[in-house]
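Student: based on what follows, work out the 3D shape:
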Amino acid sequence: MLKLEMRPQPSTLWGYASPVLALAVTVLIGIGLFMLLGKDPVRGLQVFFVEPVKSWYAVGELMVKATPLLLIGLGLAVCFRSNVWNIGAEGQFVIGAVFAGGVALMADKSTGPWIVWAVLAAGVLGGMVWAAVTALLRDRFNANEILVSLMLVYVAVQILNYLVYGPWKDPMGFNFPQTQTFEKVAQVPRLFERSRVNIGLLLALAGVAGVWLYLFRTHSGFAQQVGGLAPAAARYAGFSSRRALWIALLFSGAMAGLAGALEVAGPIGQLTPHVPAGYGFAAIIVAFVGRLHPVGMVFSAVLMSMFYIGGELAQSRLGLPKAITGVFQGVLLFALLAADTLIAYRVKWGSR
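Tutor: Next up is the predicted model:
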């Protein structure tokens, strides 16, 4: 019989190999799923893993999807390493987009290029404000940050809907629930011609370097991680749990808000009810598949963006439902949780 035996210490090898095994299991389950749906599994895998990198334009679209996932994932990694469970990054993403959209709508043809930075700063501020609500309720009333942050997602969506269906609705938009398209000067600059890749990609990569330096090369980052791993030891060392809570949530909110600002001032170009794209929830998977490490999350963000683009292509080319994207994301997460068992346990043959 197979049995699990606890290892004397966690396996470093499986710490890195677990995401690879989880991806392999996801691919195998995907093959079975395509066969059950009566689709060619080879064609299905090609749509998910080949088409998104088939051309330079496709790679650019991959980067467009990966940018918000990476930015939000970086913020969540700081939270999770601090043992602060921010599940509401989607709401912070939406409010960041709302704040950024409000500033962008003030621009006209005479506005200078400085407005772009004001738009991004407004997005950061919006995300921090929304995350601060969770931090305040946790700090002052010991409310559960998981439930509070999650419920605030739905409040944020309703605020967005109120604005695009009401006071910010474009009077020339044929009654569609959307704002007017932002002026060109208020949209983030693109990096290449004939591509939607913008400066958000550079900001995300700079965020990778910044978070790595913060977590592994600063006293404050060390205090955050100690508080997450051993709260009693952190208190003994004099590290403030309240300070760690506020730093984690405000930083996470700032990164999600920045992602929201880049999304509406970049690929979308206006506020619509479709701004909530699920990036805040998908970034949770990005963070854990990337082992809460900034460099690892670069690869997991690219993988998750493949699932997004592959899901869109599967709808148009294979006739599969939109839910296929969520299925692949969920399977990957559960496969990772199962594979992570091998970090602390080894599989051995045993007698009955």
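Student: what about the chain, any weak spots by pLDDT?
Tutor: Flagging of the chain using pLDDT under 70 yields the residue ranges 350-352.
Student: can you give me the strands for it?
Tutor: 2-6, 345-349 (DSSP state E).
Student: name the residues that touch the last one?
Tutor: By CB atoms under 8 Å, 6 or more residues apart in numbering, the list of residues contacting strand 345-349 from outside reads 1-7, 11. Bear in mind the C-beta positions are built from the backbone N, C-alpha and C, glycine included.
Student: can you check the first one too?
Tutor: Residues lying outside strand 2-6 but in contact with it, judged by CB under 8 Å, 6+ apart, are 341, 344-350.
Student: sheet-wise, list the partners of it with their directions.
Tutor: Take DSSP bridges as the rule and strand 2-6 pairs in its sheet with strand 345-349 (antiparallel).
Student: next, the buried residues of the strand it pairs with.
Tutor: Tyr345 (16 or more other CB atoms under 10 Å).
Student: you'd agree Gly127 is up against Phe93?
Tutor: Yes. The pair Gly127 and Phe93 passes the contact test of CB atoms under 8 Å, sitting 7.1 Å apart.
Student: and the spatially most central residue of the chain, what does it touch?
Tutor: For the chain, Ala283 is the residue whose C-alpha lies nearest the centre (CA atoms, centre = their mean; 2.7 Å). By CB under 8 Å, 6+ apart, the contact list for Ala283 reads 68-69, 72-73, 76, 89.
Student: if we can go back for a sec, now tabulate the strands of the chain in JSON lines and tack on distance to Gly326.
Tutor: Conversion of the strands of the chain to JSON lines gives the following (distance: least, CB to CB, whole Å):
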{"stretch": "strand 2-6", "distance to Gly326": "30"}
{"stretch": "strand 345-349", "distance to Gly326": "29"}
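Student: tell me which of these sits nearest to Lys109.
Tutor: Of all the strands of the chain, the one in closest proximity to Lys109, counting by CB to CB, is strand 345-349 (63.9 Å).
Student: got the CA positions of the closest one in PDB?
Tutor: This file holds the C-alpha atoms of strand 345-349, laid out as PDB (Å, rounded to 0.1, in the frame of the first residue of the first chain):
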ATOM      1  CA  TYR A 345       5.600  14.200   3.300                       C
ATOM      2  CA  ARG A 346       7.200  11.400   1.200                       C
ATOM      3  CA  VAL A 347       5.300   8.600  -0.500                       C
ATOM      4  CA  LYS A 348       6.400   5.100   0.600                       C
ATOM      5  CA  TRP A 349       5.300   1.600   0.000                       C
END
